[in-house]
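A.B. asks: Could you look at this predicted model? Sequence included:
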Amino acid sequence: MKSLAITFVWPLPFLLLLLPLKLQGDYWDDSEYELDTNVRDFFRELESTGPTKPPTKERIIEMIIVGEIPLEDSNYCNIELKNKEVHYKGRCYPEHYIVGASYQELSKACYGERVQCNNRVKFCRRSMDLIKGVRCVLDSGERMSNCIYKNILMTGYPIVTCQWDEDTQEFIPNYIHNMSVPE
């Protein structure tokens with residue numbers, strides 16, 4: 001038995017009735033419905049299709065340079081990634097690297113050896129200096145507040161991607177993709 005699909009075309013006047021209606025007069029206070037700026041920014045990031053401009057130097061430093069807690073702390077990744085708000089649209093990163101070096105020391109990697117990269121990135125640069133760092137690997141969770149990470153302490157050569165910074169007129173590291181451990 002064939003099923004018959006019925007399509008209904010909405011007439012234009014009826015569709016116009018569905019548009020939001022603006023009431024005349026002062027019926028409510030707009031400030032009562034104002035979102036907290038952090039909440040508003042979170043929703044904008046969640047709904048966005050991606051970054052419209054490269055991250056700032058300050059945000060890069062915040063995300064990939066060691067914070068207040070020593071790298072050896074067994075709960076380092078869980079604390080730092082939450083404090084640094086490292087996530088993609090509220091979802092946990094499967095892996096993230098943080099290094100125990102100054103930003104100036106890490107930025108030298110942008111002028112290091114060109115190496116093969118992973119994750120569909122064309123090429124990366126490998127630091128010429130051994131740097132101590134931690135690899136945070138997602139152990140469980142999917143959303144930002146439930147991310148549980150495992151710490152892997154390592155000493156190696158950070159493999160980074162870099163971006164051009166108009167302010168300083170130089171290449172700066174924007175993400176650590178891996179750390180090459182010496183044999």
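C.D. replies: Good, I have the coordinates. Residues are numbered from 1 along each chain as shown.

A.B. asks: Wasn't residue 81 part of a strand?
C.D. replies: No: read with DSSP: H, G, I helix; E, B strand; the rest coil, residue 81 is helix and lies in no strand.

A.B. asks: For it, list the residues it contacts.
C.D. replies: Taking CB atoms under 8 Å, 6 or more residues apart in numbering, we find residue 81 in contact with 87, 93, 96, 136, 147, 149. Bear in mind the C-beta positions are built from the backbone N, C-alpha and C, glycine included.

A.B. asks: Could you pick out the buried ones from those residues?
C.D. replies: Buried by 16 or more other CB atoms under 10 Å: 87, 96, 136, 147, 149, out of these.

A.B. asks: which residues touch stretch 176-183?
C.D. replies: Contacts with stretch 176-183, where a contact means CB under 8 Å, 6+ apart, come from 64, 97-99, 115, 117-119, 121, 124, 126, 130-131, 133, 135, 154-161.

A.B. asks: Apply 7 Å and report the result again.
C.D. replies: 64, 97, 99, 117-119, 121, 124, 126, 130, 133, 135, 154, 156-161 (CB atoms under 7 Å, 6 or more residues apart in numbering).

A.B. asks: got JSON lines for the contacts of residue 81, with pLDDT and secondary structure too?
C.D. replies: Conversion of the contacts of residue 81 to JSON lines gives the following (pLDDT from 0 to 100; DSSP: H, G, I helix; E, B strand; the rest coil):
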{"residue": "87", "pLDDT": "85", "secondary structure": "coil"}
{"residue": "93", "pLDDT": "90", "secondary structure": "coil"}
{"residue": "96", "pLDDT": "92", "secondary structure": "strand"}
{"residue": "136", "pLDDT": "94", "secondary structure": "strand"}
{"residue": "147", "pLDDT": "92", "secondary structure": "coil"}
{"residue": "149", "pLDDT": "95", "secondary structure": "strand"}
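
A.B. asks: Need the per-residue pLDDT for residue 56.
C.D. replies: Looking at residue 56, its pLDDT stands at 73.
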